[in-house]
Structures are given as structure tokens and as C-alpha cells.
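**Student:** Fold the following and give me the result.
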Amino acid sequence: MNKLLRISIASALVTLSSGSLAVSTTETVEELPILQQESQHSVSAKRISSHFLRAHYKEIELDDTLSSKVFDRYIRSLDLNRNVFLASDVKLLEKYRNKFDDAIENGNLADAYQIYQLNLQRRIERFEYSIGLLDKPFDFEAKGDAFEYDREEADWPSNQAELNELTRQRVKYDALNLKLAGKDWEKTKELLVKRYERAIKRLKQTKSEDVFQTVMNSFARSIEAHTSYLSPRNAERFQMEMNLSFEGIGAVLQSEDDFTVIRSIVPGGPAEISKQIKPEDKIVGVAQEDDEFVDVIGWRLDEVVELIKGPKGSVVRLQVVKGASESSVPEVVSLTRDKIKLEDRAAKGEVYIPESGPHQGEKLGVINIPSFYNNLHNDVRKELDKLKKEEIQGVIIDLRGNGGGSLMEATLLSGLFFDKGPVVQIRSGAGRTRIESDTDGITYYDGPLTVLVDRYSASASEIFAAAMQDYGRGVVIGEQTFGKGTVQQHRPLGRIYDLYDNPLGSVQFTIAKFYRINGGSTQHQGVVPDILFPSAIDPQEWGESQEENALPWDRIERASYATVGDTAPAINVVKTHHGQRIDSDPEFAYIFEDIEQYKKEKDEKTISLVESERVKKKKERETKRLARANERLTRAGRDIVASIDDLPEDFDDIDPFLDEAANITYDLIVTGKFAANAK
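**Tutor:** Residues are numbered from 1 along each chain as shown. This is a model prediction of the structure:
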């Protein structure tokens, strides 16, 4: 093994002199990069602060109060889980707390670069110590041993022994995951040594732009939750996402700690079509076609993206740790890369016909809308025309997972379901309010309407759902929505006359807020459904309201509009039937069971490092999955299976929420509240 950077005990002390941070090292083979801001960064910092101070919705004071928030966020971004810095490090860095405002205003970020330099050294020390821990095998049956994986609110380690214990837990966790995946100790040691050595190598390849991006985003996010700085590379990636194509698999990625995490899935892309990848999943390995997997834990995000990218039609395999849980063994997902096209993301309508029950044979139309893209309203109008020819009795608009998009399309889509009138109010930072309205005077569908939402429905989805609710035009069902009621603007920092060696990035910042036509903001509260589905997520613990520095909820004057219906009487009747159904539905019994399990586990911050305990939990999960699958097969009149892998290929995924949305829609039709068919 190559000799790595060694730091003496004496060099772990941090010396403060002349207002700067000096880090002393005694012996190196490959020196750490000396991180200094580049020539364009001074101008970039000034332009960023100028944009925010002049044009942001929120009134901003670049003072010591904001500086303190930037400092806290910067330290947190460098050591999110408080397992790199010592308490003594953070105490010494406190002298910079009130200097960030002046640094940003003057474009001199030397202090921030010095702090980053110390963090770089500390991270290398941790990885070196990790490699040393692999000299002998771990005891994976040591009772009571656990890994504290969530330390965001924990105390900083007070001494080297505490810090070493946190590192030991992490290394043993990594090793146990590999053992559970079938690796023997020699292979585990080989893989982890390579992983940690690569991490050290990548730390030594840190660029000035990495530091600038971190400090500028600490500044931006200290102002407001949806305000950010995008480096030149990330600005390019942002444009790719806006053009409906992202890195070949249709997933938006972000870096969290040492992991590459799925932030969102692009509807219609390979990741979404696979049904095997969800937001919050972690990508821990990447392989091309049938090649061996490359471990990507600790890699830079742009390097992981380069591995995942590839020509259309080629196959990439991913090792994915599911969800936010730290306990899962990686699953292998094979994806065929593709160019994500607009038509793949288009709204799609289908006829829903129950195979049994009181409404057997009765038709509903379901229109799934994955995003509010340009020309959406025309696509939905065409789908409505097709569905009306099928003589459907009602329509469900499915907005689950729809994070929004075009404001204009939200307005035009709303206008398909009533003659004319206001849809949403928009207030600028200066207090001026404008109203977006549908003006064509035409109703394209006036029959029974339900809108299905979940906690991922946001922005334009919330505008549409709120409009249907406020007009009394449709009944909103599902989970309380995300609550993003703000409007962002994207601005490049570069100027045509710039002559810098490296390009400048861009900024995205909030310029306005959305309000319902009834005057209430969709910010924080989102849309509360008329009929709430059971959910593991407490609205008070999820969504915009939990985003740090999110703008508050407030209210403005009601717009001038007339409701087209009164859904309250029908909703009261439907709620009773809904409650009776889900109490006796075996699929909802599973949902209630999962909710209770989630509530028991959601506050856990540790995971066992005892192999037998982990194996037992895994077997319990697999047994539960198999039992449910066989119960479903039995209810469908089909043969049970011995393994999940033996499930019939044509055994469709069950969607109890859509089925119940259909039942609610049938109930609404029975009340006679809406016309049975559209004009």
C-alpha cells in the first residue's frame, strides 16, 4: 500500500495568526492542493450578492446576523454528520462567524478557503485511520455494537478517542454491508482499502470551484430554501434537465455526504420505466454492460455522472441502496440508456374499468400528468376527447409525483374544466399582485372530476388542484401536497465583455409567491385534500415547511370569482363510504401496518452492527413481502409462489390509492352532484 499523507500529533493543532488559519503538516508524499479563489470568483461573489440584494423576493441585509447563518451552514455542509471536525476545531473557527458578510461584499473569500483547507486535511486523516482499522477482521457478533448514522444534531466529538470511535462504526458498517452481500474478509478489505484510497485521491483533486460553490450555496440557502448558486458545470446540467434529457437514465442526482443520491426521477425516462429506482435511493456502484462494478462511494458527483452517461441503447448497471434507510443491502438495477423525449413525458389517458364489485364494467377516465410541460393543456384536451368517445362517467387527474413546471400550463389546464376566471395570484417582492386567468370561455369537460395528489405534488400541481378545489369543480384526494408556493428566476453571472480564463456560473433565486384565488398561499400548507388518504408522513414533518429558511405562509385578498359547484355535501357522503372501504380492504391493511412500522422506526438514528441481527431483520422483511405477494395471488385466484423471484411476469403492480380514487369518483357520480358525462 502506498504511503499516504501522514499528519503528526502536533500538526493537528490549528494556529490562528493575523486573521488567517494556518494548517501545519510535517510529512507528505503527495501534498494537499493549496486552495485559493480564482480571479473570476471575486467578481462572481459580488454579482451573486448584487442579484440577491436587488431582486430577491425577500428583503436581505448583508450583516453579522446573516453572516452567522452562513457560517453555520458552511460548517454543516463541510461536516454534516459531525464526524470530521473536533469540537476544538469548531471552537477555533468561531472567529470567522461574523466575517462572511464582509467577505462576500468585498469578494475576498480567503477565510472560507482556509476553513475548507482544514476540513480537507481532517477528512484525509479520517480515511487514513479507516484504512488502518482494516488490518484485522471485525467481530460482527459483538453484542450491542451499532453505527450512529444520523448525527446532524449531535455534539461535536470532544476528543480524538470519540472521533476515532465514530470512524470505527462507519468502517465496520461498510464492512458488514459487504459481508452481507457475500464478500469474504479479504475481498471486503480489498474493496474498502480501494474505496478509501480513492476518496483520499479525490480529496487531493479538489478544485477552487468546489470551495466557491460550497460557500456561495451556504450564502444562498441561508437566505431562502430555493435560492442557489450553480457552478458552470451544474448550470450546464440544469439546462440539460430543462431540455428534458439528463445523463442517459432520466434521474436527477445530488451528492450527500459520501453518497450519490437520487433527487428525483424524470417521468418517461429509463429509471422511471424500470420502476426499480425512487427518490432518496443511493447509487453505490456502477458497471457498464457485463463489466465488474466500480464502487462509487466517496466519488465526486460529476465523476459518478460520467460513469452513468453513455450512448443511447447501451446498458448501465447500478448497485442501489434503497431509500433513506442505512440497513439495506444493495440491489442491482439494469437500465438501457435513452434520450428522454418530450412525448415520453406527455400526459396519458386510459380507461379504468373495475373487474368486480358494484361498479363492474363502468368506465372512468384516468389522465396521468407527470409534469407541466409546454403544450400540456392541448395534450390533455386530446386525451379528454378520446375518453369521452369511450363514454366514461368521470375523470381522475393523477398528479402524484408531479413536481410542477410551467405556470402558463397550470392556468390553461385549469381552464379546460370551467368557462373562464382567475386561476392563481402572483405577488412580487414589491407587493404588486397579478392574476393569471383562463379567458377562452369554453369548458372542455364538465363531468365528475377528482384530482389525485401526494406529498410529492408541488408548485404547478398545487395551483391546479387548488383551483379545482376553490371553484368547487372537483374533489381533491390523497396526501397533503408539498407546499412550494414560490417562483424562481434563473440568471447567468457571465457578461459578454468578461475575459476570465474560466467561465462564471449562474444563480437561481425567488422572485414571487403563489396565492390561491381564495387568497391563501400554497406556501408551506400546500393543498389539503378534501379526502385524506392514510400516510406515514406527518405534514408537519414533511415538505416546504421543513425547508430551512423557507418563506412563511400568509394570505392576500380573495380574487373575484364565482364557484361553479358546491362539493361539500357530496364529500360528506363520500367520506363515510371511503372510511368503511379502507377499513376492510386488505391492501389498506398493509398500508396501515407499514405506517405503524414507520412511526416506530422513524426516529431511530442507529443501525445494528451485529450480523445475526441484520440477517434476522432482512429475513423478516423478505418473509413479509412473500406473504403479501401470496395473499394477493390467492385473492386473484392464482397459484402461490415459493420466492419473490418466482412471481408471474404479468402480475401487475397493485395501486390501492388509484383503486380507491376510482371508488370515490364512482361515489361522487352516485350522489348526482356532477353531470354524468361531459359535453
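
**Student:** only C-alpha atoms for contact and neighbour calcs from this point on.
**Tutor:** Fine.

**Student:** can I assume residue 557 is in contact with residue 521?
**Tutor:** No - shown here, residue 557 and residue 521 do not form a contact pair, counting by Cα atoms under 8 Å, at 10.6 Å.

**Student:** quick one: buried residues of the helix or strand that contains residue 162?
**Tutor:** Here residue 162, judged by DSSP states H and E, is contained in helix 160-180. By neighbour count on 16 or more other Cα atoms under 10 Å, the buried set for helix 160-180 is 163-164, 166-173, 175-179.

**Student:** quick one: that helix to chain centroid distance?
**Tutor:** 27 Å (Cα atoms, centre = their mean, to the nearest Å).

**Student:** what does stretch 441-454 give?
**Tutor:** 29 Å.

**Student:** buried ones in it?
**Tutor:** Buried residues in stretch 441-454, counting neighbours by 16+ other Cα under 10 Å, are found at 444, 445, 446, 447, 448, 449, 450, 451, 452, 453, 454.

**Student:** Quick check: residue 219 touching residue 68?
**Tutor:** No - applying Cα under 8 Å as the test, residue 219 and residue 68 come out as separate, 10.2 Å apart.

**Student:** Same drill for these two, tell me which one is more crowded.
**Tutor:** residue 219 (27 against 19; other Cα atoms under 10 Å).

**Student:** Buried residues in the helix or strand hosting that one, which are they?
**Tutor:** Using DSSP H and E, the secondary-structure element containing residue 219 is helix 208-223. Neighbour counts over helix 208-223 (16+ other Cα under 10 Å) mark 208-209, 211-223 as buried.

**Student:** What ranges does the stretch 451-600 of the chain have for its helices?
**Tutor:** Taking DSSP state H, counting those that start in this stretch, the helices of the stretch 451-600 of the chain run over residues 460-470, 568-584, 586-601.

**Student:** wait, which of those helices is closest to residue 530?
**Tutor:** With respect to residue 530, and counting by Cα to Cα, the nearest of these is helix 568-584 at 7.2 Å.

**Student:** what are the C-alpha coordinates of stretch 220-230, in PDB please?
**Tutor:** Taking Å, rounded to 0.1, in the frame of the first residue of the first chain, the C-alpha atoms of stretch 220-230 are listed here in PDB:
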ATOM      1  CA  ALA A 220     -27.700  31.400  -0.900                       C
ATOM      2  CA  ARG A 221     -29.500  28.800   1.200                       C
ATOM      3  CA  SER A 222     -29.100  31.000   4.300                       C
ATOM      4  CA  ILE A 223     -31.300  33.500   2.600                       C
ATOM      5  CA  GLU A 224     -34.100  31.200   1.300                       C
ATOM      6  CA  ALA A 225     -34.700  27.500   0.600                       C
ATOM      7  CA  HIS A 226     -34.900  27.700  -3.200                       C
ATOM      8  CA  THR A 227     -32.100  30.200  -3.700                       C
ATOM      9  CA  SER A 228     -28.800  28.700  -5.000                       C
ATOM     10  CA  TYR A 229     -25.600  29.100  -6.900                       C
ATOM     11  CA  LEU A 230     -24.800  26.800  -9.800                       C
END
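
**Student:** three-state assignment of the residue most central in space within the chain?
**Tutor:** Residue closest to the mean C-alpha point of the chain, counted by Cα atoms, centre = their mean, is residue 263 at 3.7 Å. What DSSP: H, G, I helix; E, B strand; the rest coil gives for residue 263 is strand.

**Student:** Serialize the helices of the stretch 451-600 of the chain to JSON lines and add fields for distance to residue 401.
**Tutor:** As requested, the helices of the stretch 451-600 of the chain are exported to JSON lines (distance: least, Cα to Cα, whole Å):
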{"stretch": "helix 460-470", "distance to residue 401": "9"}
{"stretch": "helix 568-584", "distance to residue 401": "22"}
{"stretch": "helix 586-601", "distance to residue 401": "18"}
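
**Student:** I am finished for the moment; much appreciated.
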